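*Asks:* Sequence first, predicted model second:
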Amino acid sequence: MQFSTPLIPATLIRRYKRFLADCALENGEIVVAHCANTGAMTGLKDEGLRVWLEPNDDPKRKLNYSWKFVELANNHFAGIDTALTNRLIKESLLARQIPTFAPYANIRPEAKYGQNSRIDFLLTDPNLPDCYVEVKNVTLTAAGGWAEFPDTVTERGTKHLNELTQMVHDGHRAVMLYLVQRTDCDKFRLAHALDPAYSAAYKTATAAGVETLAYACDITPADVKLAAELPVSQK
């Protein structure tokens, strides 16, 4: 997925009110960028980090910049825009880049299901069970190259796991897909201690037959692409 407008580098001054970030452009100008991430963003919101912004001149938008990436050590990147997650997965599903989903003929985003919820993707095919795919953006990391989820308590995430469990009980297929928007991780696991309720719901879901997939991203200031499938630890 390429950006229509080239990203520009800046220095992060502060992130505040969850959706806003003050940044200093290379010419010294201070701008306010939209931060499309409501999570804790542990390690990705510290003052002085080099970040990459997408400029726009759309008069309908309140801010002229959107914060997309954080530049990490050793030429690594982390994507903080959670809106990119579903866009990238949709692009990958349409291109049949995820083997386990490739046989499905139809891809329906944001389908209603469960208790007043919408599944990220409902995959259907006359010859296959309906497949409910919930996608989560992952930016938390731990020593040893681990990517972890969640980075804070997520009641919404727990609700989604419970609803996926019910889909399996109803005879459907259900999959949790964790997209790791970091280039410095090579495996995935749950951050059990950060949200015990989510951890418990995940264990119940996997025991019921909810599947888990984790995929990495290739990230540069020019584009972001789906990369390799990552091993998942069930511990």
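*Replies:* Arrived safely, thanks for sending. Numbering: from 1, shown residues only.
*Asks:* how about the helices of the protein, start to end?
*Replies:* For the chain, helices defined by DSSP state H occupy the ranges 83-94, 155-169, 196-208.
*Asks:* Can you give me the buried ones in the first one?
*Replies:* The one in question is helix 83-94. 84-86, 88-90, 92-93 (16 or more other CB atoms under 10 Å). No exception for glycine: its C-beta is placed from N, CA and C like everyone else's.
*Asks:* quick one: average pLDDT of that helix?
*Replies:* Averaged across helix 83-94, pLDDT comes to 95.
*Asks:* so what does that helix touch, helix or strand wise?
*Replies:* Contacts of helix 83-94 with other secondary structure elements, assessed using 3 or more CB pairs under 8 Å, 6 or more residues apart in numbering; DSSP states H and E, are made with strand 106-113, strand 117-125, strand 128-138, strand 173-180, strand 224-229.
*Asks:* Any chance of a markdown table for the buried residues of helix 83-94, columns distance to residue 130?
*Replies:* Shown next, in a markdown table, are these (distance: CB to CB, whole Å):
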| residue | distance to residue 130 |
| --- | --- |
| 84 | 26 |
| 85 | 22 |
| 86 | 19 |
| 88 | 23 |
| 89 | 17 |
| 90 | 18 |
| 92 | 19 |
| 93 | 15 |
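*Asks:* Tell me how far the residue minimising distance to the centre of the chain lies from residue 86.
*Replies:* If you average the C-alpha coordinates of the chain and look for the closest C-alpha using CA atoms, centre = their mean, you land on residue 137, 1.8 Å from that point. Plainly put, residue 137 is 9 Å away from residue 86 if you go by CB to CB, to the nearest Å.
*Asks:* ok, the residue nearest to the centre of the chain touching residue 87?
*Replies:* No. Here residue 137 lies out of contact with residue 87, judged by CB atoms under 8 Å, at a distance of 11.2 Å.
*Asks:* one step back: beta partners of the residue nearest to the centre of the chain?
*Replies:* Beta-bridge partners for residue 137, by DSSP bridges, are residue 179.
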